[in-house]
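**Student:** generate coordinates for the sequence data below:
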Amino acid sequence: MLRDPLFRAWLLLVLATSATYCLRAEGFVGLAAGAGTLAIAYVKGRLIILDFMELRRAPLLWRGILEGWLLGVSVLVFAVYWLGQ
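**Tutor:** Numbering: from 1, shown residues only. The predicted structure is shown next:
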């Protein structure tokens, strides 16, 4: 089962969701906990874009556009979060 890329992506998404839940359930607060949560969200978004939207084998231009968009949105959300602290 681990040879299937979609299963591996799904498993990583489940583990990342569990890590985010554990991070917040343990009572971690502040900038570091928020940054960790946002970093995990970025990794999850990248997995979804590459594996479930099948951009891993797409032309480099399309992959670059979507990965750049995801990075830009993630940086913008982190900047808003950081300025709100």
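
**Student:** which residues touch whatever helix or strand residue 35 lives in?
**Tutor:** Following DSSP states H and E, one finds residue 35 within helix 31-47. With contact meaning Cβ atoms under 8 Å, 6 or more residues apart in numbering, helix 31-47 is reached by 9, 12-13, 16-17, 19-20, 23-24, 28, 67, 70-71, 74, 77-78, 81-82, 85. To be clear about C-beta, it is placed using only N, CA and C from the backbone, and glycine gets the same treatment.

**Student:** and the average pLDDT for the helix or strand following it is what?
**Tutor:** The first helix or strand that comes after helix 31-47 along the chain, using DSSP H and E, is helix 60-84. Across helix 60-84, pLDDT averages out at 93.

**Student:** distance between helix 60-84 and the chain's centre?
**Tutor:** 11 Å (Cα atoms, centre = their mean, to the nearest Å).

**Student:** buried residues, it. List them.
**Tutor:** 63, 66, 70, 74, 78 (16 or more other Cβ atoms under 10 Å).

**Student:** looking at those residues, which is nearest residue 48?
**Tutor:** Lowest distance from residue 48 to the buried residues of helix 60-84 (Cβ to Cβ) belongs to residue 70, with 9.3 Å.

**Student:** got the contact list for the closest one?
**Tutor:** Counting by Cβ under 8 Å, 6+ apart, residue 70 has contacts 42, 45-46, 49.

**Student:** redo that, cut-off 6 Å
**Tutor:** Counting by Cβ atoms under 6 Å, 6 or more residues apart in numbering, residue 70 touches residue 45.

**Student:** where's it relative to residue 39, distance?
**Tutor:** Going from residue 70 to residue 39 by Cβ to Cβ, to the nearest Å gives 12 Å.

**Student:** now residue 27
**Tutor:** According to Cβ to Cβ, residue 27 and residue 39 sit 19 Å apart.

**Student:** repeat that for residue 28.
**Tutor:** Taken as Cβ to Cβ, the span from residue 28 to residue 39 is 13 Å.

**Student:** make a markdown table out of the buried residues of helix 60-84 and add distance to residue 32.
**Tutor:** Below are those laid out as a markdown table (distance: Cβ to Cβ, whole Å):
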| residue | distance to residue 32 |
| --- | --- |
| 63 | 31 |
| 66 | 28 |
| 70 | 22 |
| 74 | 16 |
| 78 | 12 |
